[in-house]
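Asks: what's the 3D shape of this:
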Amino acid sequence: MSKILAVDDDLFILELYKTILTEAGYEVETAEDAMSSVTKFQEFKPDLLILDVEMPAGGGEKVFDRLRNLFMVTIPIIFSTGIPESVECYAGRDNVTILKKPVNKETLLNEIKRLLKPKETPSI
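Replies: Next comes the predicted model:
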């Protein structure tokens, strides 16, 4: 079972993620701010991260930078934001998706499936 960490300062959105993702068969943990998300990430070791951009104690971009540059983590990350333009600079990066809030359930689940799909190894 794949593990997903959802990070958002809106508790309603976190509950929504938890319900949708649990029903879809994922193991889900949540965090309410940037600081606790890094700690939770290290404890939970998720396969995918859903990150809000605007949060107290540093936003999703700070979490992204810390995980990618300090911890060298390459797991898929979905930025979930009301202002996708604010994180456009990450759009071309490997394993990064930007979804506009409010996120459609089917779009979210399809994107998670796509990002978690095992990469095909070339046959020799």
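Asks: how near is the residue most central in space within the chain to Glu23?
Replies: The chain has Ile50 as the residue nearest its centroid, 1.8 Å off, counting by Cα atoms, centre = their mean. Going from Ile50 to Glu23 by Cβ to Cβ, to the nearest Å gives 15 Å. Yep, even glycine has a C-beta here, placed from its N, CA and C like the rest.
Asks: same check, this time on Thr39
Replies: Distance from Thr39 to Glu23, by Cβ to Cβ: 27 Å.
Asks: which stretches in the chain count as strands?
Replies: Listed in chain order, the strands of the chain (DSSP state E) span 3-7, 27-31, 48-52, 77-81, 96-100.
Asks: residues making contact with the fourth one?
Replies: It refers to strand 77-81. With contact meaning Cβ atoms under 8 Å, 6 or more residues apart in numbering, strand 77-81 is reached by 8, 13, 48-54, 60, 64, 67, 87, 90, 95-101, 103, 108, 111-112, 115.
Asks: now do the same contact list for the residue nearest to the centre of the chain.
Replies: Per Cβ under 8 Å, 6+ apart, neighbours of Ile50: Ile4, Leu5, Ala6, Val7, Asp8, Tyr17, Ile77, Ile78, Ser80, Leu108.
Asks: swap the cut-off to 7 Å and go again
Replies: By Cβ atoms under 7 Å, 6 or more residues apart in numbering, Ile50 lies in contact with Ile4, Ala6, Val7, Tyr17, Ile78, Ser80.
Asks: so which of the residues you listed is the closest to Met35?
Replies: Val7 (10.4 Å; Cβ to Cβ).
Asks: in stretch 84-93, which residues are buried?
Replies: For stretch 84-93, the neighbour count (16 or more other Cβ atoms under 10 Å) marks Ser86, Val87, Tyr90 as buried.
Asks: I misspoke; the intended subject was stretch 104-116.
Replies: Leu108, Leu109, Glu111, Ile112, Leu115.
Asks: that's all I had, so thanks and see you.
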